[in-house]
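A.B. asks: Here's a sequence, model it:
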Amino acid sequence: RHQSKVYDKCFSGTQLVAWLVETIDNDTLPYVTKVWSCSIPQIPPGANITREHACIIAQGLMNAQVFGHLGSAADFTDDDTLYRLLEGEEQTLVLNRQILWAGNARPACLVSQSLLREAIALAHSAGAREFGAVQEFQQRTCELQMVNLIQLPVEELRCFFINIFNVLVLHARITSKAPTSDAHILPRCSFFRNTSYQVG
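C.D. replies: Residues are numbered from 1 along each chain as shown. The predicted structure is shown next:
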């Protein structure tokens, strides 16, 4: 129960961390860190991960929309906070939460132009895309978390959002999260309604 509403498929942050510590060992760690884009140091053979490692993995799972906070928080915490699995639900997919952007962001229009050029290059590249290049692009979109749109002139603001809309569509195409061109109208409507970036 959360705020007078009953949810199923719920668990606390502490319960998830305990399960991850018990389940993930040195053999499964490389697979988990690659699939969920987590950066964790190598652990000794036969050893299990620490609770700190488990929190990093849990944040990766949360970023990938495997589960979500019962409220609106984007960060995972190892405590009694409640989360629930999102399988089978229409999900809000935020594409730029692979990392939390720690530094200051460049000017908003410069960020949008730079990301658009990179997204176009990746989307139209010949042959298979390199995993590393896609990962680097996804992490660079996290700079949008810190862009400052306050007092931006109207024309620049319009250009920024047009650029970012196109980046978002290309980003989803690059990572195979966008519906195919021949998809039914309902999946396409759901995609545009529920896919977004965290901006500012």
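A.B. asks: and the end-to-end length of stretch 30-50?
C.D. replies: Using Cα to Cα, to the nearest Å, one end of stretch 30-50 lies 15 Å from the other.
A.B. asks: what's next to that stretch, contact-wise?
C.D. replies: The contact list for stretch 30-50 (Cβ atoms under 8 Å, 6 or more residues apart in numbering) reads 20-22, 24-26, 29, 53, 56-57, 59-61, 63-64, 98, 135, 138. Bear in mind the C-beta positions are built from the backbone N, C-alpha and C, glycine included.
A.B. asks: what about it, distance to the chain center?
C.D. replies: On the basis of Cα atoms, centre = their mean, to the nearest Å, stretch 30-50 is displaced by 19 Å from the centre of the chain it belongs to.
A.B. asks: ranges for the helices of this structure?
C.D. replies: 13-23, 29-35, 51-63, 108-123, 131-140, 154-174, 185-194 (DSSP state H).
A.B. asks: and these, which is most packed in?
C.D. replies: Mean neighbour count (mean count of other Cβ atoms under 10 Å) peaks for helix 51-63 among the helices of the chain, with a mean of 20.
A.B. asks: Just name the shakiest helix or strand of this structure by mean pLDDT.
C.D. replies: Sorted by mean pLDDT, DSSP states H and E, the helices and strands of the chain end with helix 185-194, the least confident at a mean of 64.
A.B. asks: So, low pLDDT: which residues of this protein?
C.D. replies: Scanning the chain for pLDDT under 70 picks out 1-8, 35-37, 72-73, 87-92, 126-129, 176-191.
A.B. asks: hmm, 50 instead?
C.D. replies: The model of the chain has pLDDT under 50 over residues 1-2.
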